[in-house]
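> can't give you the sequence, but here's the structure:
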């Protein structure tokens, strides 16, 4: 329940970045990348666990991926201005 809401605010940024005639395509690309990343990060987290041998490694990996979204937001804001 804690990590479920972040896609909402990210989706709210899309109308600010795209003209109305390209918004549908933008949402299509967003959801494609979003679900692709959701599908790929889980096996990668398992691989990180196997390589590190530490049960906490997937949690650290998830924290790093979530921190990367903050960096992505900062880049978006910088490009937007």
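Received it, and whenever you're ready, just let me know what you need. Just so it is clear, the model here is predicted, and its values are computed rather than measured. Residues are numbered from 1 along each chain as shown.

> residue 76: what's it in contact with?
Counting by CB atoms under 8 Å, 6 or more residues apart in numbering, residue 76 touches 13, 17. From N, CA and C alone the C-beta is placed, and that goes for glycine too.

> hmm, 6 Å instead?
Listed by CB atoms under 6 Å, 6 or more residues apart in numbering, residue 76 has no contact partners.

> where does it fall, secondary structure wise?
For residue 76, the host element (DSSP states H and E) is helix 57-80.

> list the buried residues of that helix.
Neighbour counts over helix 57-80 (16 or more other CB atoms under 10 Å) mark 57-58, 61 as buried.

> specify which member of the residues you listed is nearest to residue 41.
Relative to residue 41, the closest of those is residue 61; by CB to CB it sits at 7.9 Å.

> pLDDT below threshold where in the protein?
Scanning the chain for pLDDT under 70 picks out 1-7, 81.

> against residue 23, how distant is the residue nearest to the spatial centre of it?
Central residue of the chain (CA atoms, centre = their mean): residue 69, 5.5 Å from the mean position. Distance from residue 69 to residue 23, counting by CB to CB, to the nearest Å: 21 Å.

> hmm, what's the outermost residue in this structure?
Ranked by distance from the centre of the chain (CA atoms, centre = their mean), the top residue is residue 53, with 25.6 Å.

> related to what we said a few turns ago, check the gap between the residue nearest to the centre of the chain and residue 50 for me.
When residue 69 is compared with residue 50 (using CB to CB), they lie 25 Å apart.

> ok, now residue 20?
Distance, residue 20 to residue 50, using CB to CB: 46 Å.

> look at these two and report which has more neighbours.
residue 50 (10 against 7; other CB atoms under 10 Å).

> okay, and residue 55 sits in which element?
Per DSSP H and E, there is no helix or strand for residue 55.

> next, count neighbours for it.
The burial count for residue 55: 8, using other CB under 10 Å.
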